[in-house]
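Trainee: Structure for this input, please:
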Amino acid sequence: MNSLKRLSGFIWIALGVAAVYMMASQAGTEISAAAAANKAVLDTKMFWYIIIPIFAPIMAGLCLFGWYAWKGEYDVIVRDSEHPK
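Mentor: So this is what the prediction gives:
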């Protein structure tokens, strides 16, 4: 089970990096397409200037969660009943 947790950590890191890359490339594509077509460039830029700062920290947290899983921080999960009070 621990090897599955570590493998899933690597997958979480890869998903976080891929999501940020896809988001940035989509933003570049849409902004350049709007500029080439003389459409609402400001609206497109504002949309992406709002979306990227919201989702980038979420993806960074996903990568951090994956890093901890990959390094084995979740191999032993301590229950509340096992803590001395």
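Trainee: Verify the stated contact: K71 with F10.
Mentor: No: in this structure K71 lies outside contact range of F10 using CB atoms under 8 Å: 10.6 Å. Backbone N, C-alpha and C define where each C-beta goes, glycine included.
Trainee: Report the contact partners of the spatially most central residue of the chain.
Mentor: Closest residue to the average C-alpha location of the chain: M59 at 1.8 Å, with CA atoms, centre = their mean. The neighbourhood of M59, defined by CB atoms under 8 Å, 6 or more residues apart in numbering, consists of G16, V17, A19, V20, M23.
Trainee: Equivalent analysis for M23, please.
Mentor: Under the criterion of CB under 8 Å, 6+ apart, the contact partners of M23 comprise I51, I52, F55, A56, M59.
Trainee: picking that back up, by neighbours, which of the contacts of M59 wins?
Mentor: Going through these with other CB atoms under 10 Å as the criterion, the one with the most neighbours is G16, at 21 neighbours.
Trainee: Any idea how far the longest helix along the chain is from the middle of the chain?
Mentor: Taking DSSP state H as the assignment, the helix of the chain that covers the most residues is helix 2-36. Average the C-alpha atoms of helix 2-36, do the same for its chain, and the two points are 7 Å apart (CA atoms, centre = their mean, to the nearest Å).
Trainee: Could you give me the buried positions within whatever helix or strand comes next after it?
Mentor: Of the helices and strands lying after helix 2-36 in sequence (DSSP states H and E), the nearest is helix 41-71. Buried residues in helix 41-71, counted by 16 or more other CB atoms under 10 Å: V41, T44, W48, M59, L62, C63, F65, G66, A69, W70.
Trainee: any idea of the angle helix 41-71 forms with helix 2-36?
Mentor: When axes from the mean of the first three to the mean of the last three CA atoms, to 10 degrees is applied, the directions of helix 41-71 and helix 2-36 differ by 170 degrees.
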